[in-house]
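how would this look folded up:
(2 chains)
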Amino acid sequence: MFTFTIRRLILTVPTLLFISLVIFLIVKLSPSDPTGNLPLTIPSEVREQIREALGVNKPLLVQYLLWLKQFFWLEPLIYLENLTGWDLGTEGKVRLISYQTRSPVMDLIMQRMPQTLTVVGTAYLVGILIALPIGIISAYKQYSVFDQAGTFISMIGFSVPPFFSGVLVIVLFSVIIPSDSFFWLPSIYDTTHEVVDWESFKYQFRQMIMPVMVLALQITAQISRFTRASMLDNLNQDYVRTARAKGMSESVTVMKHVLRNSMIPVVTVIALGIPSIFGGAIITEQVFKVNGLGQLLIIAIQGGDVPTVQTLTFIFAILIVLFNLIADILYGLLDPRIRYD
Amino acid sequence: MPDGTLPVLEVRDLKTVFQTRSGEVHAVNSVSFEVKPGELLGVVGESGSGKSVTMMSLIGLLPSPPADVKEGEVLLDGLDLLKTDINTLRDIRGGKIGFVFQDPMTSLNPVFSVGFQIMEPLRKHMNLSKPAARKRAVELLELVGIPDASRRLKDYPHQFSGGMRQRVMIAIALACDPKVLIADEPTTALDVTIQAQILELVKDLRQKLGMAIVWITHDLGVIAGIADRVMVMYGGQVVEQAPVKELFSNPQHPYTRALLETIPKVHGARAEKLNVIEGQPPILGAEPTACPFRDRCAFRFDRCEQENPSRRIVGKDHDAACFYDFATGGPLRA
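Predicted coordinates:
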């Protein structure tokens, strides 16, 4: 298992390098001008100078290698410096700078990360906690009223996109319900809000309800269907009959014997879905004005902010590769039949 | 085998019906039998004759719905299992009645170690502590002939061969010293040499432990080798029941005769074709009002269409459900 993990980790290096090159080329070769969002009054020779200063006119290979150096060498060093207070000689070096805001891309990401993690992370957790019991009960009581209702809700969760369900809950909870009602919820997520006492915590809780609800609906739909299918596969297996024939109670039979087997594929699906916490909630963040990573990406794309787009996309790629590896390892840990040595 | 002793398991008029989309299926129709302590009862019949369903009905292992055990009594030491509550029944499953199933490849849970699966009933039914259960599990594995037992407790089912897994299944079934062991085609999925080993093991264990065994199979060769008494089932009912030697030498039901004729002969001229019983076993949509075997029977006559024969005594400890009298070579006089 250990050698397998090491081997897989080493293999991710060429994979990631290739991904970074592809992302770089796609972003660079797309017709987008970093000065396009600047006021029209700026004369074209000034624009040309701005492009020159941004380094856009250098050969592609030089730009790519420069980005690699900044991303893999300079930024980690600066991160380490900030963490430990050592002087590693990064003073005065050119960091990865956003075209739009002129501030380092990494700083932007670090500013945006907490909002995304709070909202989307909570939604993922809530989604899983709701989905697992629904999936288990739906499978155990297949075709019951509960199962039919669960299937119906899952279908809605699958088929209704967040830009619709998001607006729907805003209309419902922020517009139709009067703002002095207990059930009124704020439609805009205030990221400057700080939790200092009980009252501010309550407000934080209220403003998280809608975005979490919209995201959790999708996540619940997906994972509960997966759990149900996996449970159904296992409930008819011979070993379940054996467990009953041994005199085990229904709860032991289902929650221990069947669940342990059913969870193997579900856990890997959950692990594979974690990268989407960071990148997948772009639309929902936009609807509720959560200024998280997803929103940052949208703004960067609109503004032709190549370094930001490229860095964000590449970070998502790293997470996906990493969690693929984690899913593989989890699979091996959960299922004794799988050995990687 | 012991004679005159009280039966440990007694089944009276058991009826099981499946509710399916295309109507009812009467899978078990008034089955009665008994097993004495230390006795090995063989149950034979082709697929769909109701052998397994009968045994599963005894301790409520059939999923309900669709299955419904409608009538009957199942007395284990005087306690009616069909009327007892579910908790008592669970104590009996794996406690007083052990089960071994057909396919050892799928009957063990793949994600739990073999030791855990043996210790589970021990801890539940005998309230053993973990170390005590582990000690007993090692003994059990040694009893069923698995070498290096204490080390193998930690292994998972996929690390065992088919025969070894069936030994583990037997160890689980024997864990709590059951009074009755029900073995549902335990050797069908195994190759012949392993099958022979398992048969030897069961014979040996019966000597040592003295429990009653109900052995379901469709292999008459296996039955001849290990059973004391044989019950032949067809169409969800018992058609003949006799001590093993009597059954093979003097079968009194046309179905038993036909079954015996299908066994390929080793001696004599090479047969061009294997003997078969023409036709298919019936799927009973209602309680049978005529002999279920009549369509495939060489001895049928008009009475077989009108009545379902009940079991009648045809010899010592020997009964058969047929209107044809093989002793006189003609129909039974009504």
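
burial measure for residue B:192, as a count.
9 (other Cβ atoms under 10 Å in any protein chain shown). Where C-beta positions appear, they are placed from N, C-alpha and C, glycine not excepted.

Going along the chain, name the helices of the stretch 151-300 of chain B.
Under the criterion DSSP state H, counting those that start in this stretch, the stretch 151-300 of chain B contains helices at B:162-174, B:192-209, B:220-226, B:244-249, B:254-261.

Tell me which residues are up against the fourth one.
Right, helix B:244-249. B:42, B:223-224, B:227-230, B:232, B:240, B:256, B:260, B:315-318 (Cβ atoms under 8 Å, 6 or more residues apart in numbering or on different chains).

what does stretch A:253-269 give?
A:132, A:135-136, A:139-140, A:222-223, A:226-227, A:230-231, A:233-235, A:237, A:239-240, A:243-244, A:248, A:327-328, A:330-331, A:334-335, B:109-112.

Would you indicate which residues of it are buried?
By 16 or more other Cβ atoms under 10 Å in any protein chain shown, the buried positions in stretch A:253-269 come out as A:253-254, A:256-266, A:268.

need the contact list for residue 281.
This is for chain A. Here residue A:281 is in contact with A:116, A:119, A:120, A:123, A:162, A:215, A:292, A:294 (Cβ under 8 Å, 6+ apart).

Oops, wrong one, chain B.
Residues near residue B:281 by Cβ under 8 Å, 6+ apart: B:46, B:47, B:48, B:49, B:234, B:235, B:292.

if we go to 10 Å?
B:45-50, B:234-236, B:255, B:292-293, B:295-296 (Cβ atoms under 10 Å, 6 or more residues apart in numbering or on different chains).

Now do the helices in the stretch 1-150 of chain A.
Ranges of helices within the stretch 1-150 of chain A are A:2-29, A:44-54, A:60-69, A:75-84, A:105-116, A:122-140, A:145-159, based on DSSP H, counting those that start in this stretch.

how about these, which one is nearest chain B?
helix A:122-140 (11.8 Å; Cβ to the nearest Cβ).

that older thread, put the buried members of the contacts of residue A:281 into a PyMOL selection.
Applying 16+ other Cβ under 10 Å to the contacts of residue A:281 leaves a buried subset, and the PyMOL line that selects it is:
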select buried, chain A and resi 116+119+120+123+162+215+292+294
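
Which single one of the contacts of residue A:281 is nearest to chain B?
residue A:123 (30.1 Å).

is it true that that closest one touches residue A:214?
Yes - counting by Cβ atoms under 10 Å, residue A:123 touches residue A:214, with 7.9 Å between them.

what touches both of the two?
A:281, A:284.

quick one on the thing from earlier: pick the most buried one from the helices of the stretch 151-300 of chain B.
helix B:162-174 (a mean of 24; mean count of other Cβ atoms under 10 Å in any protein chain shown).

just the angle between that helix and helix B:192-209, please?
20 degrees (axes from the mean of the first three to the mean of the last three Cα atoms, to 10 degrees).

looking just at contacts, which helices and strands does helix B:162-174 meet?
helix A:238-245, strand B:97-100, helix B:104-107, helix B:114-125, helix B:130-143, helix B:149-152, strand B:180-184, helix B:192-209 (3 or more Cβ pairs under 10 Å, 6 or more residues apart in numbering or on different chains; DSSP states H and E).

Disregarding flanking residues, what is the spatial nearest neighbour of residue A:221?
Nearest residue to residue A:221 in three dimensions, chain neighbours excluded: residue A:157, at 2.7 Å (Cβ to Cβ, 6 or more residues apart in numbering or on different chains).

Low-confidence regions, the stretch 151-300 of chain B specifically.
Within the stretch 151-300 of chain B, the segments meeting pLDDT under 70 span B:271.

Quick one: name the residues of it near chain A.
With Cβ under 10 Å from any Cβ of the partner chain as the criterion, the stretch 151-300 of chain B meets chain A at residues B:155, B:156, B:157, B:158, B:159, B:169, B:172, B:173, B:175, B:176, B:182, B:184.

make it 7 Å
When proximity is defined by Cβ under 7 Å from any Cβ of the partner chain, the stretch 151-300 of chain B lies next to chain A at B:156, B:158, B:172.

quick one: contacts for the second one?
To tie it back to what came earlier, the one meant is residue B:158. Counting by Cβ atoms under 7 Å, 6 or more residues apart in numbering or on different chains, residue B:158 makes contact with A:337, B:110.

Is there a neighbour count for residue 75? I'd like the number.
Picking chain A for this. Neighbour tally, residue A:75, other Cβ under 10 Å: 19.

was after chain B, sorry
Number of residues near residue B:75 (other Cβ under 10 Å) recorded here: 16.

Bridged to it, which residues?
Beta-bridge pairing for residue B:75 (DSSP bridges): residue B:10, residue B:80.

what's stretch B:28-42 in contact with?
B:1-2, B:5, B:7-16, B:50, B:53-54, B:57, B:180, B:206, B:210, B:212-215, B:217, B:223, B:226-231, B:236-238, B:241, B:244, B:287-288.

Against chain A, how distant is the residue minimising distance to the centre of chain B?
Nearest to the mean C-alpha position of chain B, counting by Cα atoms, centre = their mean, stands residue B:216 at 2.9 Å. Noted for residue B:216: a distance of 14 Å to chain A, by Cβ to the nearest Cβ, to the nearest Å.

Please name the residues that touch that residue.
Residue B:216 makes contact with B:43, B:51, B:52, B:55, B:183, B:184, B:185, according to Cβ under 7 Å, 6+ apart.

Residue B:290: what's it in contact with?
Residue B:290 neighbours (Cβ under 7 Å, 6+ apart): B:304, B:305, B:306, B:307, B:308.

Quick check: phi and psi at the second one.
With angles defined as degrees, to the nearest 10, residue B:305 sits at phi -80, psi -20.

got a list of contacts for stretch A:187-198?
For stretch A:187-198, contacts defined as Cβ under 7 Å, 6+ apart pick out A:115, A:119, A:170, A:174, A:200-201, A:203-204, A:207, A:211, A:288-291.

er, stretch A:169-178 actually
So stretch A:169-178 is in contact with A:183, A:184, A:185, A:186, A:187, A:210, A:213, A:214, going by Cβ under 7 Å, 6+ apart.

Which pLDDT value does the model give the fourth one?
Spelled out, it's residue A:186. With respect to pLDDT, residue A:186 scores 88.
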